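In: let's see this in three dimensions:
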Amino acid sequence: MTSIRARVAMGGVLLLGLTAMNAEAWGPVAQRAITQTAIQRLDEKMPLVFEGDNVSYRADVLAGAQDGVDSLIEAMKIRTDADAIEMIGNQMVLLREVRRYGVGSYFAYRMGLLSAIVSDMMLPYSLEPSPQAVQMRARIEQDIDKHVKQYRFMPEGRLQVVRSIPSYLSSIRPFYEDAKRIIAEDYRTGSGYGGYLRQAAPSFFGESVQATSDVWYTILRPSDAIADVKASPEAVTWFLFNEMEYLLKIKRNVKEAEKRYALLERENPGLAEVYERVGDLFYTYGGQANDVNLRERAVREWETALEMPTADRKRLSEKLAGYYLDLGKAQAEAARKPGGYKRVTDALTSFSRALEYSRDNAAAERMLADTRDLKREMDEALETQTNIINSAEQVMRQADQSEKVQDYSNALTWYGSAHDLFSKVTDQFPELKMAAEERIAEIQRRINTIKEEAIKRARETIAKGDQALEAKSFMDAIDTYNSVEQVLSPITDDPSTPHGKRRDELKSTAAKKAVDAADAKAAYEAEQERLKRAAAAGGKPGAAKPE
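Out: All right, here's what the predicted structure looks like:
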């Protein structure tokens, strides 16, 4: 016979699917009514026990009751009443043990799970596996759910501590076997619910409420003189794991799950499988939530488990190799994208780690080789891009020298060449691309400065031409106006651009002023010639006087 302590340890391993199911015997309506009434009954002795700071856990209790029987039968392999009785006792011991950690959402959920199996123990045919019992159970469930709202529960006496589950059940359901025979006969003869069950169902309901309330009270009561049976560290550890699972899958509460992990780590007596399952949990949830930190945390848990004597090394090594293989694939893919070249080293590390855990992993070997080839290609591309920048910088220095000696035409030519070289730098390497773009912007500023300087000098030249014209130095003025075109020659912009438009306006102005200066020169020279002739004529004796 397995010891109570050993069975309690096994009873803690409730790896539940955590998905809503229908209760086995009491239907969903009746099960909910039983649970809600039991909570009210418990409130008389322990008010607000399923309430926390600004939060209620009653919904979790009801969820557990709804999931209860199917979940527990599958997880605990309950096949007979004796199995169920032993499971109830084990769960009471476990829940009383973990009560010291407080009433939270998962504790409340587990209380609901327990209430479901306790209440089903009160109803005939609830846990019998035979086809006839399954058929009878479905008919009973359907009929009770139709009438459960008419039931009334009148508590008798106080809540009591359940010291022995078999003795307690014998006292609270003394005619259980007789009731089964009568109900079966009623359904066989056609009376169905209208026979014995009509009178007995409210009693079954009340007994379920009472039994659930008493079991809960036994778990939650303060310590007394009778020494409690202690749950094993294994059972407590698995309970805490299940709580983490519930908090992540159902509550989506990573913070609270992390708090429970600290307790699990303290309680764990050396179960490598627990750390492995925690890793599985973090890995799955991290993938669903796209949380890289949680997936990395999962790997640390697997690595912790792998170091323990009880670890399944083959299974854990496969998980770790799979993680690093997937991580390496993602890193290699990212490395091929613009700006991702730094990830190629990460990919090499990941594939190497995968091979450390799985030395014969052909996929990891192939990807490691492919990634090494990729790195060589990227190193060559980096060298090429760097050489382009170095060449562009040399050309830029030539442009700077030409600009300093005011050789603007050559300066613009050199700057244009440097611009073309810098433009060849791709976005594969963001740092180089950024440096090239900064230099391109600088080149554009320098070119604009030269163009503005040319325009400034053109205006100054026109002004000098105006001064020469005013001084009647006509040839100097004409030559000066004509030199404006040369001054503006560095500006080769399209006429539609701002600089091209201003260049053409200044050239047009200078050309017109040159024509005007030539006309002024001709007029001035003609006037001078006339005056000369007039002076010559007026200075001779007998010359005719002007009219």
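
In: and the pLDDT for the nearest residue to Leu306 once chain neighbours are set aside?
Out: Nearest residue to Leu306, sequence neighbours excluded (C-beta to C-beta, 6 or more residues apart in numbering): Leu316, at 4.6 Å. Quick note: C-beta positions are derived from backbone N, CA and C, even for glycine. Looking at Leu316, its pLDDT is 97.

In: equivalent analysis for Leu15, please.
Out: At Leu15, pLDDT is 37.

In: flag the shaky bits of the stretch 201-350 of the chain, pLDDT-wise.
Out: For the stretch 201-350 of the chain, the stretches flagged by pLDDT under 70 are 224-228.

In: how close does Ile388 sit to Lys424?
Out: 5 Å (C-beta to C-beta, to the nearest Å).

In: between the two, tell me which one has more neighbours.
Out: Ile388 (18 against 13; other C-beta atoms under 10 Å).

In: okay but that one is in contact with Val425, surely?
Out: Yes: here Ile388 reaches Val425: they are 5.9 Å apart, a contact under C-beta atoms under 8 Å.

In: just read off the phi/psi values of Ser130.
Out: phi -70, psi 150 (degrees, to the nearest 10).

In: again but with Gly52, I slipped
Out: phi -110, psi -160.

In: and if you look at the one 5 residues further on?
Out: The phi and psi values for Tyr57, taken as degrees, to the nearest 10, are phi -100, psi 10.

In: can you check Asp178 too?
Out: phi -60, psi -40.

In: need the pLDDT of it.
Out: 88.

In: pLDDT below threshold where in the stretch 51-200 of the chain?
Out: Judged by pLDDT under 70, the stretches of the stretch 51-200 of the chain that qualify are 69-77.

In: kindly recompute the last result at 80.
Out: Along the stretch 51-200 of the chain, segments meeting pLDDT under 80 span 53, 68-80, 126-129, 154-157, 174.

In: could you tell me how many residues sit around Tyr193?
Out: The number of residues packed around Tyr193, counting by other C-beta under 10 Å, is 18.

In: ugh, wrong one, I meant Phe282
Out: 26.

In: off-centre distance for stretch 176-194?
Out: 57 Å (C-alpha atoms, centre = their mean, to the nearest Å).

In: check which residues of that stretch are buried.
Out: Buried residues in stretch 176-194, counting neighbours by 16 or more other C-beta atoms under 10 Å, are found at Tyr176, Ala179, Lys180, Ile182, Ile183, Ala184, Asp186, Tyr187, Gly192, Tyr193.

In: secondary structure and distance to Tyr57 for those residues - can I get that in TSV?
Out: What follows is the buried residues of stretch 176-194, written out as TSV (DSSP: H, G, I helix; E, B strand; the rest coil; distance: C-beta to C-beta, whole Å):
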residue	secondary structure	distance to Tyr57
Tyr176	helix	32
Ala179	helix	34
Lys180	helix	35
Ile182	helix	39
Ile183	helix	35
Ala184	helix	39
Asp186	helix	40
Tyr187	helix	39
Gly192	helix	38
Tyr193	helix	34
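
In: dump the residues you listed to CSV, plus distance to Val344.
Out: CSV is the format used below for the buried residues of stretch 176-194 (distance: C-beta to C-beta, whole Å):
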residue, distance to Val344
Tyr176, 71
Ala179, 74
Lys180, 72
Ile182, 78
Ile183, 73
Ala184, 73
Asp186, 77
Tyr187, 73
Gly192, 74
Tyr193, 73
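
In: so what's the residue nearest to Leu306 up against?
Out: Neighbouring residues of Leu316 by C-beta atoms under 8 Å, 6 or more residues apart in numbering: Glu276, Trp302, Ala305, Leu306.

In: helix or strand: which one has it?
Out: helix 313-335 (DSSP states H and E).

In: can you name the element that comes right after that helix?
Out: helix 343-357.

In: following that following helix, which helix or strand comes up?
Out: Past helix 343-357, the next helix or strand by DSSP H and E is helix 362-404.

In: how far does that following helix sit from the chain's center?
Out: The answer for helix 362-404 is 34 Å, by C-alpha atoms, centre = their mean.

In: what angle do helix 313-335 and it make with each other?
Out: Taking axes from the mean of the first three to the mean of the last three C-alpha atoms, to 10 degrees, one finds helix 362-404 and helix 313-335 inclined to each other by 30 degrees.

In: name the helices or strands packed onto helix 362-404?
Out: Packed against helix 362-404, as judged by 3 or more C-beta pairs under 8 Å, 6 or more residues apart in numbering; DSSP states H and E, are the following elements: helix 313-335, helix 343-357, helix 408-423, helix 430-470.

In: sorry, back to before: CA-only coordinates of the helix holding Leu316 in PDB, if you can.
Out: What follows is helix 313-335 as a C-alpha-only set of coordinates in PDB (Å, rounded to 0.1, in the frame of the first residue of the first chain):
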ATOM      1  CA  ARG A 313      20.000  14.800 -20.500                       C
ATOM      2  CA  LYS A 314      19.000  13.600 -24.000                       C
ATOM      3  CA  ARG A 315      15.600  15.400 -23.900                       C
ATOM      4  CA  LEU A 316      17.100  18.600 -22.500                       C
ATOM      5  CA  SER A 317      20.000  18.600 -24.900                       C
ATOM      6  CA  GLU A 318      17.600  18.300 -27.800                       C
ATOM      7  CA  LYS A 319      15.500  21.200 -26.500                       C
ATOM      8  CA  LEU A 320      18.600  23.400 -26.000                       C
ATOM      9  CA  ALA A 321      20.000  22.400 -29.400                       C
ATOM     10  CA  GLY A 322      16.600  23.200 -31.000                       C
ATOM     11  CA  TYR A 323      16.500  26.600 -29.300                       C
ATOM     12  CA  TYR A 324      20.000  27.600 -30.500                       C
ATOM     13  CA  LEU A 325      19.300  26.300 -34.000                       C
ATOM     14  CA  ASP A 326      16.100  28.400 -34.300                       C
ATOM     15  CA  LEU A 327      17.900  31.400 -32.700                       C
ATOM     16  CA  GLY A 328      20.800  31.100 -35.200                       C
ATOM     17  CA  LYS A 329      18.400  30.900 -38.100                       C
ATOM     18  CA  ALA A 330      16.700  34.100 -37.000                       C
ATOM     19  CA  GLN A 331      20.100  35.800 -36.500                       C
ATOM     20  CA  ALA A 332      21.400  34.700 -39.900                       C
ATOM     21  CA  GLU A 333      18.300  36.000 -41.600                       C
ATOM     22  CA  ALA A 334      18.600  39.300 -39.700                       C
ATOM     23  CA  ALA A 335      22.200  39.500 -40.800                       C
END
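
In: and the angle from it to helix 343-357?
Out: 170 degrees.

In: for helix 313-335, buried residues please.
Out: 316-317, 319-325, 327-329, 331-332, 334-335.

In: mind listing the helices for the stretch 151-300 of the chain?
Out: Applying DSSP state H, counting those that start in this stretch to the stretch 151-300 of the chain gives helices spanning 165-172, 176-189, 196-220, 233-249, 254-267, 272-288, 292-306.

In: could you do the stretch 1-150 of the chain as well?
Out: 4-11, 28-45, 58-76, 81-98, 105-120, 131-147.

In: among those helices, show me which one is buried the most.
Out: Comparing the helices of the stretch 1-150 of the chain on average neighbours per residue, with mean count of other C-beta atoms under 10 Å, the densest one is helix 105-120 at a mean of 27.
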